[in-house]
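In: from the sequence below, what's the structure:
(chains A and B)
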Amino acid sequence: KAGVTQTPRYLIKTRGQQVTLSCSPISGHRSVSWYQQTPGQGLQFLFEYFSETQRNKGNFPGRFSGRQFSNSRSEMNVSTLELGDSALYLCASSSTNLSSYEQYFGPGTRLTVT
Amino acid sequence: AQTVTQSQPEMSVQEAETVTLSCTYDTSESNYYLFWYKQPPSRQMILVIRQEAYKQQNATENRFSVNFQKAAKSFSLKISDSQLGDTAMYFCAFMKPHAGNNRKLIWGLGTSLAVNP
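Out: Predicted coordinates:
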């Protein structure tokens, strides 16, 4: 099985712009979670999507949003970018089998805001 | 709220030796899941080992094993016969049970492990 894929791998944006990141989960996985990783704050949960519905959300401002499509692919959007949004954004997919709770991660998207 | 603490920001070990990374957590839940993830310089987050809180037996995956002490809320990772490829950042993570089937991971700040030749 192919792993989790994320595009693009690297992005450079300017303050005030918006950005969209994409994540394709492992085939058959319907749960997709997003995390932000920064040197100062570590890894923080952004949100989780399952069957096109957001079912869990972390403590981030409304500038951070996401969605999931019928094929389980997910996108996250950050509007009005701030310098502090510079981070590695990780996507993880998980099986919906109740006995299978592991999350498998993509390679991440490195976002730099200048 | 649950928290995860990794008290060792950096560690080093000689190749072929054994090293133990510490992790403690705080929760009022009785059932939960614990994980160790590895993040090498490539930044790819890789699942190393997992433990269900209701299982008393410590999980083992090849050279990796855990010492799970539920009462002490401790979950340490032991790496035996360390290899150069084990050089990475190691994260301890906690997940609540399937409340609404959520998959939210709560993370420690990580331990940077260097394996020296």
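
In: for the rest of this, base every contact and every neighbour count on C-alpha atoms.
Out: Will do.

In: so which strand or helix has the residue nearest the centre of chain A?
Out: Chain A has residue A:34 as the residue nearest its centroid, 3.2 Å off, counting by Cα atoms, centre = their mean. In this structure, residue A:34 sits in strand A:31-38 according to DSSP states H and E.

In: hang on, residue B:85 in a helix?
Out: Yes - under DSSP: H, G, I helix; E, B strand; the rest coil, residue B:85 sits within a helix.

In: which residues touch the residue lying closest to it once chain neighbours are set aside?
Out: Leaving aside its sequence neighbours, residue B:85 sits nearest to residue B:115 (Cα to Cα, 6 or more residues apart in numbering or on different chains; 7.9 Å). By Cα atoms under 8 Å, 6 or more residues apart in numbering or on different chains, the contact list for residue B:115 reads B:12, B:13, B:14, B:15, B:82, B:83, B:84, B:85, B:86, B:87.

In: what about the fourth one, how many residues nearby?
Out: Using other Cα atoms under 10 Å in any protein chain shown, residue B:15 has 17 other residues around it.

In: so where does the residue in chain B positioned nearest to chain A fall, helix or strand?
Out: Ranking the residues of chain B by distance to chain A (Cα to the nearest Cα) places residue B:44 first, at 4.8 Å. Counting by DSSP H and E, no helix or strand carries residue B:44.

In: give me the neighbour count for it.
Out: If you count neighbours by other Cα under 10 Å, residue B:44 ends up with 16.

In: and the helix or strand encompassing residue B:48, which strands flank it?
Out: For residue B:48, the host element (DSSP H and E) is strand B:46-52. Here strand B:46-52 is paired, per DSSP bridges, with strand B:33-39 (antiparallel).

In: list the buried residues of the strand holding residue A:34.
Out: A:31, A:32, A:33, A:34, A:35, A:36, A:37 (16 or more other Cα atoms under 10 Å in any protein chain shown).

In: for the chain, which segments count as strands?
Out: No chain specified, so I'll use chain A. Assigned by DSSP state E, the strands in chain A fall at A:5-7, A:10-13, A:19-24, A:31-38, A:42-50, A:53-57, A:64-68, A:74-78, A:87-94, A:104-105, A:109-113.

In: wrong one, I was asking about chain B
Out: Using DSSP E, strands in chain B cover B:3-5, B:10-14, B:19-21, B:24-26, B:33-39, B:46-52, B:60-61, B:64-69, B:74-79, B:88-95, B:105-107, B:111-116.

In: with that, I have no additional questions.
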